[in-house]
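S.K.: need a structure here:
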Amino acid sequence: MKYTFLIFSLITTVLLGQDLKTKKVKEKLVSRSKTTRVYHVLKDNEEIRHGAYNEFCKKELVVSGHYKLGQKDGVWMYKGLTGEYFQKGTFKEGKEVGVWKKKTVKGEETIAYYNNTGRLDSSFVYNSNHVLLSTYKYNAEKKERQSIIIYNNGFKKIESSIDSLSVVKIVHPNGVVFQEQKMIDDKMISTSDYYDKDGTILRKSNFKDGKGTLLTYYINKLQEGKLVGKSAISYLNGLPNGSYIAYQENGEIYQQGKMMKGQRVGFWKEWDEDARKMKTKNYKKYNVKKAKNKRVVFENTYEDVPFSAIQNPPVLMVDGISHKFNTKKAKLKFEELIQQNLSKNFDNESLAKYVDSKDGICRIAAIFKINTYGEISDIKAKAKHPEISKAFKKALKKLPTLIPASQRGKQVNLLFALPLVFKVKSREEDPFKSLQNNNNRY
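M.R.: From the prediction side, this is the model:
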């Protein structure tokens, strides 16, 4: 491994020592995006970007930065046309370093501080009135991570972690602990009693040694001195196992079912806000492959959210985010964008010689991400011939930079997957027309 790194370093040093010859590339992307991309690549390897990178939407600069031998390097900036979205900071060898400022479509602003290796050391999130909403800090000496969420009523959720031990505290505005939970390797081990702001016990806990019922309460009601139940979940060996009931603030049940080792199993019931309409869903049997209990703990972790579960999918810079945002319509627009991009950039005629089926049908299993900068990344494609996969990846990379997806106010990576089926034929007919009706997606 050391020798491989040494060889790579020597090659990089030689390349940097030479006067690298580059070629300027100008691309007009899918028409609906109204986007033009201008960047530089190495003349002897056009897959490697090297030099200035700029992206324009309606002739206005929306992305600017610099590549060094295929990796982002130096100051980068991303912004929406109306200023509702903004990110600016420095990359070093493809990693975020130094100070980054990020503004989400909700008007929330994040100031993040990274060390020289790309590790997030601290971050602070403010609302549009510059009121602190949450913080994250990493103590390098103790190897301790701590995140704090500050609620409107003055309560705080403080989560600390050292190695495999995590401690979560809900704290009254005066600093008295309302309740404390301890977890080891993401398994709930114990929960304390529930305390009032003067330290008296409001309710005893029956949770011990990974077993019992975990009760949660609406934090906005605690300030009024009311214990309004939010959920009651049975645990065994540190994982949800048995009954699961979730309540609305008015005390009505809105979700009910059974858990097994952290997974939903069997039939689940869900009611609307009026507790009148009820729908059921069958989660069938326990799945061993999904047995590992995963959760996102800290603010420095970018979640990977599947397309089916995303609240705010990526949108074009030209579209922006309106106050009347409709998730369903935004998802349809995103799917249409993928289809239009493939129709424009995927040259199916040139792939005919690689399709060996008699009917000319070709299938590709594909999955990719739209990362927290709105860029396509981690493309994986599987087809019968590698040239088909290569052409598909090349076409997807023609997507413009988007306003990234968000979940619960945080920017996240969007996971998008779908089976592609197309027929090798003339471009007179759109080979991707059927994608709109394909529901086998994340």
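S.K.: Put the alpha carbons of stretch 369-378 into PDB.
M.R.: What follows is stretch 369-378, C-alpha atoms only, in PDB (Å, rounded to 0.1, in the frame of the first residue of the first chain):
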ATOM      1  CA  LYS A 369     -26.400   9.900  -6.000                       C
ATOM      2  CA  ILE A 370     -27.100  13.600  -6.200                       C
ATOM      3  CA  ASN A 371     -24.700  14.800  -3.500                       C
ATOM      4  CA  THR A 372     -25.000  17.800  -1.100                       C
ATOM      5  CA  TYR A 373     -23.600  20.100  -3.700                       C
ATOM      6  CA  GLY A 374     -26.300  19.100  -6.200                       C
ATOM      7  CA  GLU A 375     -23.800  17.200  -8.300                       C
ATOM      8  CA  ILE A 376     -24.200  13.600  -9.600                       C
ATOM      9  CA  SER A 377     -21.800  11.200  -8.000                       C
ATOM     10  CA  ASP A 378     -21.200   7.500  -7.200                       C
END
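S.K.: contacting residues around that stretch?
M.R.: The contact list for stretch 369-378 (CB atoms under 8 Å, 6 or more residues apart in numbering) reads 78, 87, 302, 304, 314, 367-368, 396-397, 399, 401-405, 411-416. For every residue, glycine as well, the C-beta is placed using N, CA and C.
S.K.: can you give me the offset of that stretch from its chain's centre?
M.R.: 9 Å (CA atoms, centre = their mean, to the nearest Å).
S.K.: What of stretch 39-56?
M.R.: The gap between where stretch 39-56 is centred and where its chain is centred comes out at 27 Å by CA atoms, centre = their mean.
S.K.: what mean pLDDT does that stretch have?
M.R.: Here stretch 39-56 scores 95 as its mean pLDDT.
S.K.: ok, and for it, which residues are buried?
M.R.: 39-42, 48-50, 53, 55-56 (16 or more other CB atoms under 10 Å).
S.K.: So which of the residues you listed sit within strands?
M.R.: Here DSSP state E is the test, and these give 39-42, 48-50, 53, 55-56 as lying in strands.
S.K.: picking that back up, of the contacts of stretch 369-378, just the buried ones, ChimeraX syntax please.
M.R.: A single ChimeraX command is used to select the members of these judged buried by 16+ other CB under 10 Å:
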select :78,87,314,368,396,399,401,402,403,404,405,411,412,413,414,415,416
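S.K.: Just the contacts of stretch 369-378: which are in strands?
M.R.: Per DSSP E, these map to strands at 78, 87, 304, 367-368, 402-403, 411, 413-416.
S.K.: Then residue 175 would be within a helix, right?
M.R.: No: going by DSSP: H, G, I helix; E, B strand; the rest coil, the assignment for residue 175 is coil, not a helix.
S.K.: quick one: buried residues of the helix or strand hosting residue 343?
M.R.: Residue 343 is part of helix 327-345 when elements are defined by DSSP states H and E. For helix 327-345, the buried set under the neighbour-count rule, 16+ other CB under 10 Å, comprises 330-331, 333-335, 337-343, 345.
S.K.: Where does the prediction get shaky in the stretch 1-150 of the chain?
M.R.: The stretch 1-150 of the chain contains residues with pLDDT under 70 at 1-18, 105.
S.K.: can you map out the helices along it?
M.R.: Secondary structure of the stretch 1-150 of the chain (DSSP state H, counting those that start in this stretch): helices at 2-17.
S.K.: and residue 243, what helix or strand is that in?
M.R.: Using DSSP H and E, the element containing residue 243 is strand 239-247.
S.K.: ok, that strand: who's next to it in the sheet?
M.R.: Paired neighbours of strand 239-247 in the sheet (DSSP bridges): strand 229-236 (antiparallel), strand 253-260 (antiparallel).
S.K.: Export these as TSV, with columns for distance to residue 132, mean neighbour count and mean pLDDT.
M.R.: Below are the strands paired with strand 239-247 laid out as TSV (distance: least, CB to CB, whole Å; neighbours: other CB atoms under 10 Å; pLDDT from 0 to 100):
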stretch	distance to residue 132	mean neighbour count	mean pLDDT
strand 229-236	24	16	94
strand 253-260	31	17	92
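S.K.: Throw those strands into CSV and include distance to residue 188, thanks.
M.R.: As requested, these are exported to CSV (distance: least, CB to CB, whole Å):
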stretch, distance to residue 188
strand 229-236, 6
strand 253-260, 12
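S.K.: Of all those strands, which one comes closest to residue 168?
M.R.: Across the strands paired with strand 239-247, residue 168 has its closest neighbour in strand 229-236 (14.5 Å, CB to CB).
S.K.: Put the alpha carbons of that closest one into CSV.
M.R.: In CSV, the C-alpha atoms belonging to strand 229-236 read as follows (Å, rounded to 0.1, in the frame of the first residue of the first chain):
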residue,chain,number,x,y,z
GLY,A,229,-47.0,11.1,25.1
LYS,A,230,-45.4,10.9,21.7
SER,A,231,-44.6,7.2,21.5
ALA,A,232,-44.4,4.0,23.4
ILE,A,233,-42.0,1.4,22.1
SER,A,234,-41.1,-2.0,23.5
TYR,A,235,-37.4,-2.9,23.5
LEU,A,236,-35.5,-6.2,23.9
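S.K.: Now do it: everything it contacts.
M.R.: Contacts of strand 229-236 (CB under 8 Å, 6+ apart): 188, 207, 210-218, 240-247, 251, 259.
S.K.: Let's see that with 6 Å instead.
M.R.: Strand 229-236 has contacts (CB atoms under 6 Å, 6 or more residues apart in numbering) with 188, 211-218, 240, 242-247.
S.K.: State the pair within those residues that is farthest apart.
M.R.: Top of the distance list for the contacts of strand 229-236 (CB to CB): 211 and 218, 25.1 Å.
S.K.: who does residue 90 bridge with?
M.R.: residue 75, residue 97.
S.K.: isn't it right next to residue 75, touching?
M.R.: Yes: using CB atoms under 6 Å, residue 90 is in contact with residue 75, at 5.4 Å.
S.K.: Mind picking the one among the buried residues of stretch 39-56 that's closest to residue 201?
M.R.: Of the buried residues of stretch 39-56, the one sitting nearest to residue 201 (CB to CB) turns out to be residue 55, at 58.4 Å.
S.K.: beta partners of that closest one?
M.R.: Counting by DSSP bridges, the residues bridging with residue 55 are residue 37, residue 63.
S.K.: Roughly how far does it sit from residue 30?
M.R.: Separation of residue 55 from residue 30 (CB to CB, to the nearest Å): 13 Å.
S.K.: Same question for residue 307.
M.R.: On the measure of CB to CB, residue 307 and residue 30 end up 19 Å apart.
S.K.: same check, this time on residue 388
M.R.: For residue 388, the distance to residue 30 equals 21 Å [CB to CB].
S.K.: before we move on, what about residue 23?
M.R.: For residue 23, the distance to residue 30 (CB to CB) stands at 23 Å.
S.K.: Fine, thanks again, bye for now.
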